[in-house]
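[1] no FASTA, just this:
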């Protein structure tokens, strides 16, 4: 569905942030975008979302070039949900989600009844129905993130790009957000989620793309991509992957340095593994 | 927990929040009309309400021709009070709604339309013509023109820096405003203290004393065009206030939209200043008051701000012209009334901003 | 030729030769100033004559001292009489001649000059020298002589109009006035020769400039001596460079704290009322010497006379004329505390805005003007104020003053007549005649002529008169 070819971008000349990145995202997929700080994840998302134009390369959504589409048409096909930001005015959740309907409004129009209904439905979908008329500024971090996702949903796009949607959330809220995402992916929308959390990717992603210094270094299902070698290369940090008894990768933990370098607190005893699963319900 | 006056009041009365808010909204929207009718009956020259109504009816239905013998009551009502009331309504609405628009696009509740220097530029333009002993028409035209020039300069200069457009625009706007303010000070310094200096000072303090019917057509046309535009983009202001990136992500062209809003706001502010001089506070206080009353959604905020601004300036101008035998400059009342109003609003609205 | 004829010829020549010097001596006799002075003043008069003689060697004096009661006898051959107790009318009459005004040489010594032959034209000798000498005695050089003899104080202490006590060393030779109104105070007290730099309020047009030059030939130089003089700003260095003995300023001048550093005596003026005006003139008079102080008293008396006359004559008028005194544009009016309102009331009128709040010029709206419905509108001569601004505006037509055609602009010869300066007296006279035309016995021409003669020592010409007494 989404096809990006050879994207290049540099904020400052001679300091490229994206060096020839190409990728593809099929429908009904949750894609995780991993990489170290400054590897170009946010820039990539902005380019994929049509908000920033690449200096070289193209992005196609179902065959249409995202950057040549008129803005409102593009916004009906791909949505970009940014990291949490501080709002200036205290709109209600409903008003905020309603803003997702902007691409569908006529030139001087305002939202109509149908738009309100779609917005309300999106709010229900993320489980915020009871907070509809609350001011956005009064919500918790997780609720706000859900509200932003609801706005993205109200856009009724085929693709939603989420920039670090769980960065400030506690584990419970993280789970809430990501479970919703997966459920929605099964139904209609594809997601590209940028994240610092390989564990999340293990749990929720259908596809993982790893970036390093502006280049794509891995792209594939989590079991193939999330190996110790790949992660070592991507984050420049030794990690250990914990496998379940059936051989499925279940967790990624960093290797701590303790002088002799080797073992650290890696867990290879299945019984210890069980207590971790208690700490994080649903993990 | 409390966001608007409507919610607050709903706690004490049996109506729902929605109903209460709707009532408040419509009260605000319709307030200017009865206020204007009341105000036209007030003035230093005592006229009975019946005669006022007669004069108004005659004005609309069967105006006498210019050659007819002057009827003092008719003249006072239609040629002194009516233009003045109309001007105060229009100017109040102009200044208030441009304040709201700028607060939206600058994402800053502490700005008004002078953030880009239009009022300072207009003040300079007027002072220049007053120094050169030009007629009232030239003064107005010059005020209008220099107001536009100031914003043009601010926008143009800020476009040369791409890194942080909003911040740069704010800074450059403040600089241009200061620049024209300094130029105006120079003019005041060289002005003749018996002659142009009092004229300049008086003009800069803001007053509707000299408003005549001749001033109304241009004011009305530009205000109407501007207000229709603002009303048309009311939804888009909601989206713009989220920030450029998000607005873009939602399918808008923020740069072009902001430019148009700045253009229309500047036209509206320029014409307002050219007729009424420098009237402060309205663009800053009224948007806040309106937000407290009807909430931040610009679908309601834009019309409410226009109505509230119109009512505010009408009340202030009526006080200025009826309280004592001599006129009090508008700047006295906008400050005296505006400051307590803003402080009270900040108290009510404690949880409104972040 | 016979011996007899030669002898006769020689004798004739000798006689003529003797007669010539006698004749020229008789001529010289005619240029001698004859002074009759009180014998108690001998010391100072001798000192004056000696000092004057040093500066003017070709003037000869013939002084006679007599006791007081014998002074006013035969004055026919005298050019200068100096007494302790000078009467207003001297016991002498001329068919064609001048008796000069009283000049105070000391607080208790007065002088006057007499000329028996010059009625209208310039003075001939010796009257001219006598007049010059008399003036000299009242001026700094003469004052210095008296100071040296201990008859005049070497410094004078006064309280200025903001309550400061100021000590002024005498005599004051150089005055700088940095306040456009106080400059005009210098003239009634006879100090214009000592004015070295000054700013003059409201002398703008070429006509005003020329008129002032006629009145005071030194005016152009005085006016331009210091590049910046005024309430807002004055060039202190230039002021210091002119070495003034006295600085006249207004209460509100912004640069005064720096001026204190100059060590020059400073007099602050703030006279926005008729009383204040008289006090201001008296203050300056006290600072400049006994004759100046005397002239200040004369001014105050003249002022009071005129105002008293107007007050008496208008006392019986029940229906006082209401007046709107406008400012730089029609909708600005003078507030109650301003000098313009005091002038209107002194002229017997009632100012419609006298109860309006605020100081200074106030804005009004037309409704209020309709309410007041003034009978007369006075338009000042500065700013953009014109009569047409009223008559061309149809909104003003219903007002009484317009329907009666009584929108009148004040006259102006030199400065504007509605500022708290001495010339405002002419303004008040003019106003009274405008408010009650033909009803008052107030001869504008006579009073104006007297005013300019006594307080500017200037004979006003018909063109100027017609400006002021239209």
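    Ah, there it is. Predicted model only: the values in this text are computed from it and were never measured. Residues are numbered from 1 along each chain as shown, chains lettered A, B, ... in the order given.
[2] okay, which residue is most central for chain B?
    Per CA atoms, centre = their mean, the C-alpha nearest to the average position across chain B is that of residue B:95, at 1.9 Å.
[3] was I right about it contacting residue B:112?
    Yes: look at residue B:95 against residue B:112 with CB atoms under 8 Å: they come within range, at 7.5 Å. From N, CA and C alone the C-beta is placed, and that goes for glycine too.
[4] joint contacts of the two?
    Counting by CB atoms under 8 Å, 6 or more residues apart in numbering or on different chains, the shared contacts of residue B:95 and residue B:112 are B:282-283.
[5] in the stretch 1-150 of chain B, what residue lies closest to chain A?
    Closest residue of the stretch 1-150 of chain B to chain A, CB to the nearest CB: residue B:107 (4.7 Å).
[6] residues contacting that residue?
    Neighbours of residue B:107 in contact, by CB under 8 Å, 6+ apart: A:88, B:166, B:241, B:243.
[7] neighbour-wise, which of those residues leads?
    residue B:241 (22 neighbours; other CB atoms under 10 Å in any protein chain shown).
[8] now that one: phi and psi?
    Main-chain dihedrals, residue B:241, degrees, to the nearest 10: phi -70, psi -10.
[9] from chain C, how far off is it?
    Shown here: residue B:241 relative to chain C, a distance of 40 Å by CB to the nearest CB, to the nearest Å.
[10] excluding chain neighbours, what is closest to that residue?
    residue B:104 (4.5 Å; CB to CB, 6 or more residues apart in numbering or on different chains).
[11] specify the local secondary structure of the one you found.
    Three-state call for residue B:104 (DSSP: H, G, I helix; E, B strand; the rest coil): helix.
[12] that one against residue B:237, yeah?
    Yes: assessed by CB under 8 Å, residue B:104 is found in contact with residue B:237 at 4.3 Å.
[13] so whichever residue of the stretch 51-200 of chain A sits closest to chain C is in which element?
    Nearest residue of the stretch 51-200 of chain A to chain C: residue A:89, at 39.8 Å (CB to the nearest CB). Assigned by DSSP states H and E, residue A:89 falls within no helix or strand.
[14] so who does residue 201 touch?
    Went with chain A since none was named. The contact partners of residue A:201, by CB under 8 Å, 6+ apart, come to A:32, A:34, A:195, A:208, A:222, A:226.
[15] that's the wrong chain, I meant chain B
    By CB under 8 Å, 6+ apart, the neighbours of residue B:201 are residue B:188.
[16] now do the one 4 residues further on
    Taking CB under 8 Å, 6+ apart as the contact definition, residue B:205 lies against B:277-278, B:329-331.
[17] looking at these, which is nearest residue C:84?
    Nearest to residue C:84 among those: residue B:329, at 61.2 Å, using CB to CB.
[18] could you report the pLDDT at the one residue in the stretch 201-350 of chain C that gets nearest to chain A?
    In the stretch 201-350 of chain C, the residue that lies nearest chain A is residue C:331 (43.1 Å; CB to the nearest CB). If you check residue C:331, the pLDDT there is 88.
[19] so it sits right up against residue B:211, yeah?
    No: with contacts counted by CB under 8 Å, residue C:331 stays clear of residue B:211, the gap being 11.3 Å.
[20] chain A contacts on the stretch 151-300 of chain B?
    Within the stretch 151-300 of chain B, the residues that sit near chain A (CB under 8 Å from any CB of the partner chain) are B:232-236, B:238-239, B:241-243, B:245-246, B:248-253, B:291, B:295-297, B:299.
[21] the same query, at a cut-off of 10 Å, please.
    B:163, B:228-229, B:231-236, B:238-239, B:241-254, B:256, B:291, B:295-299 (CB under 10 Å from any CB of the partner chain).
[22] check contacts around the residue nearest the centre of chain C.
    With distances taken as CA atoms, centre = their mean, residue C:188 lies nearest the centre of chain C, 2.1 Å away. Contact analysis of residue C:188 by CB atoms under 10 Å, 6 or more residues apart in numbering or on different chains lists C:281, C:284-285, C:292, C:295-296, C:298-300, C:302-303, C:421-423, C:425, C:451, C:454-456.
[23] quick one: which of these sit in helices?
    Counted as lying in helices by DSSP state H, out of the contacts of residue C:188, are C:281, C:284-285, C:292, C:295-296, C:298-300, C:302-303, C:425, C:451, C:454-455.
[24] so how far is stretch C:351-371 from its chain's centroid?
    Distance, stretch centre to chain centre, for stretch C:351-371: 34 Å (CA atoms, centre = their mean, to the nearest Å).
[25] what residue ranges in the chain are flagged as low confidence?
    You didn't pick a chain, so chain A it is. Along chain A, segments meeting pLDDT under 70 span A:258-283.
[26] switch to chain C, please.
    Residue ranges of chain C with pLDDT under 70: C:1, C:12-30, C:254.
[27] domain-wise, how is it divided?
    C:1-28, C:31-148, C:155-299, C:317-468 (automatic domain parsing).
[28] tell me where the stretch 251-400 of chain C has strands.
    With strands called from DSSP state E, counting those that start in this stretch, the stretch 251-400 of chain C shows them at C:266-269, C:322-325, C:332-334, C:350-351, C:361-363, C:376-379.
[29] kindly reformat the ones you listed as a markdown table containing mean neighbour count and distance to residue C:440.
    Below are the strands of the stretch 251-400 of chain C laid out as a markdown table (neighbours: other CB atoms under 10 Å in any protein chain shown; distance: least, CB to CB, whole Å):
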| stretch | mean neighbour count | distance to residue C:440 |
| --- | --- | --- |
| strand C:266-269 | 23 | 31 |
| strand C:322-325 | 26 | 15 |
| strand C:332-334 | 26 | 23 |
| strand C:350-351 | 20 | 16 |
| strand C:361-363 | 22 | 29 |
| strand C:376-379 | 24 | 15 |
